[in-house]
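Asker: sharing a model prediction with you, sequence too.
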Amino acid sequence: MGMIGGGLSSFIGIVHRIASYTGEEYKLVGGAFDTDYDRALEFANKLELDPSRTYPNIDTFVEKELELPEEERIEAVVVVTPNFLHYPMAKQLIQAGFNVICEKPVTNTAAEAVELEELVNKHKVVFALTHTYTGYPMVRQMKSMIAEGVIGKLHKVDAQYYQGWINPVIHDPEKRKTVWRLDPAKAGQSCCMGDIGVHAFNMIEYTTGLKTERVLADLNTLYADNPLDIDGTALLRLDNDIRGIVRASQIATAEENRLTIAVYGDKGGLRWEQENPNYLYYMPEGGVAQVLKPGHEYNSDFAKISTRMAPGHPEGIFDSMANLYLGAAKAIRGEAYMDGAFPGIRDGVRGMKFIEAVLASANNGNVWTEIVD
Ligand code: NAD
């Protein structure tokens, strides 16, 4: 495995590294870890990586790795740089024949995501998109129960993703400049919807298997001189006229990482909350509400295979991400595995189309806007 970004100061790099080791399918051997080459070397030294495979940038990474015999060459490359770099980096890697594990949002525009999808198909590489939360055993249990019809005919889906970390910076224009997620050149077209709304959207389509046909969105930048949304709500019209909602905010003051997905059908409801990921609330119509937990026989095969520990040993984001890495490893080796084991480029295209439809809806006076796919 190689990694682009993810070096010393990075936030999400460590989650990817631990996740890759957890499944015991990957070994980090090189990368272009940082914009600063000295810091990249310091990072490599700390991890006892071969300095000759610590490259100053992605161009050198690709050039030097391709010079190696295939059996020595890095097989999968993780892209954990800021948003604006995902598309050019993923494109370069796919075209060079590497399998790619990429952070979200997959690109800056939906057209770029469609282009990547074509390239993935053309070059026959594996592309995993790390919508981390899809790896949790109880999210997979929720997906299995919905598919088995346990909660009946669906009629309402609600995904909420509330954080508060932008509140302390947004009121001061100088502080805002220190946050790349608020800079359109680095974050892309959207802050809140691109960063976390897209996770919530993905959770809806992932758990229900439904497709969103159109959205009606309202976004808030809070200040006229802040160009990107930091809060927003999107009403969703899904297949079969099912109603849904994505509520996302980064100014939900003092909230931490409150991602909740709730799905309701005519026979019952299911609710999962990221801050307490081992509990899946199952509320059968007319019955006793239950809390389902990982590691038990009553769970689906998909949930069971996604749990490493015996019941009662909490597993978290590292383990969830590890499940995506495991799924991608199976695909790279061409081994049959579980459906839905990792989100791919199709999910990336769906996510980008959602973001663009949300922006179009909000900018055109909160009108219903089709997701054309
Ligand atoms: P960060 O700013 O903490 O880290 C970015 C890293 O990329 C830094 O190490 C930086 O040196 C490196 N970098 C930047 N440009 C580079 C270049 N040209 N070549 C090599 N390295 C370069 O950012 P972060 O919070 O870790 O976010 C990174 C990505 O991960 C974002 O796209 C974000 O949306 C995504 N993310 C996803 C999740 C999730 O739950 N899946 C959570 C957090 C972040």
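Answerer: Now that the structure is in, tell me what you want to look at. What you see is a predicted model, and the numbers here were worked out from it, not measured in a lab. Numbers count the residues shown, from 1 in each chain.

Asker: how far away is residue 110 from residue 275?
Answerer: Look at residue 110 and residue 275: by C-beta to C-beta, to the nearest Å, they are 31 Å apart. Glycine gets a C-beta too; all of them are placed from N, C-alpha and C.

Asker: give the buried residues for the helix or strand that contains residue 61.
Answerer: Secondary-structure assignment from DSSP states H and E places residue 61 in helix 58-67. Buried residues in helix 58-67, defined by neighbour count with 16 or more other C-beta atoms under 10 Å: 58, 61, 62, 65.

Asker: just the CA trace of that helix, in PDB.
Answerer: The C-alpha atoms that make up helix 58-67 are tabulated as PDB, following Å, rounded to 0.1, in the frame of the first residue of the first chain:
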ATOM      1  CA  ILE A  58       2.700  12.100  -6.600                       C
ATOM      2  CA  ASP A  59       4.500  12.500 -10.000                       C
ATOM      3  CA  THR A  60       7.700  11.000  -8.700                       C
ATOM      4  CA  PHE A  61       5.700   8.300  -6.800                       C
ATOM      5  CA  VAL A  62       4.000   7.100 -10.000                       C
ATOM      6  CA  GLU A  63       7.200   7.400 -12.100                       C
ATOM      7  CA  LYS A  64       9.400   5.500  -9.600                       C
ATOM      8  CA  GLU A  65       6.800   2.800  -8.700                       C
ATOM      9  CA  LEU A  66       6.200   2.000 -12.300                       C
ATOM     10  CA  GLU A  67       9.900   1.400 -12.800                       C
END
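
Asker: beyond that helix, next helix or strand please.
Answerer: Where DSSP H and E defines the elements, the next helix or strand beyond helix 58-67 is strand 76-80.

Asker: tell me which helix or strand comes right after that following strand.
Answerer: helix 86-95.

Asker: what sits up against that following helix?
Answerer: Applying C-beta atoms under 8 Å, 6 or more residues apart in numbering, the contact partners of helix 86-95 are 4, 58-59, 62, 77, 79, 81, 100, 102-103, 105-108, 112-113, 115-116, 119-120, 123, 125, 127.

Asker: neighbour count: residue 110 and residue 275, which is higher?
Answerer: For residue 110 versus residue 275, neighbours defined as other C-beta atoms under 10 Å are more numerous around residue 110 (23 against 10).

Asker: count the neighbours of the nearest residue to that one once chain neighbours are set aside for me.
Answerer: Spatial nearest neighbour of residue 110, chain neighbours left out: residue 352 (4.1 Å); criterion: C-beta to C-beta, 6 or more residues apart in numbering. Neighbour count for residue 352, taken as other C-beta under 10 Å: 27.

Asker: name the SS class of residue 352, please.
Answerer: Secondary structure state of residue 352, per DSSP: H, G, I helix; E, B strand; the rest coil, is helix.

Asker: doesn't residue 116 make contact with it?
Answerer: No - between residue 352 and residue 116 there is no contact under C-beta atoms under 8 Å: 9.6 Å.

Asker: shared neighbours of these two, which are they?
Answerer: Here residue 352 and residue 116 have 106, 107 as joint contacts, going by C-beta under 8 Å, 6+ apart.

Asker: show me where this protein has helices.
Answerer: 13-22, 37-46, 58-67, 86-95, 110-123, 137-147, 167-170, 173-176, 184-187, 192, 198-208, 301-305, 317-332, 345-363 (DSSP state H).

Asker: so which of these gets nearest residue 293?
Answerer: For those, the distance to residue 293 is smallest for helix 137-147, at 7.4 Å, taking C-beta to C-beta.

Asker: tell me the average confidence for that closest one?
Answerer: The pLDDT scores in helix 137-147 average 98.

Asker: contacting residues around the residue nearest to residue 110?
Answerer: For residue 352, the contacting residues are 105, 106, 107, 109, 110, 112, 113, by C-beta under 8 Å, 6+ apart.
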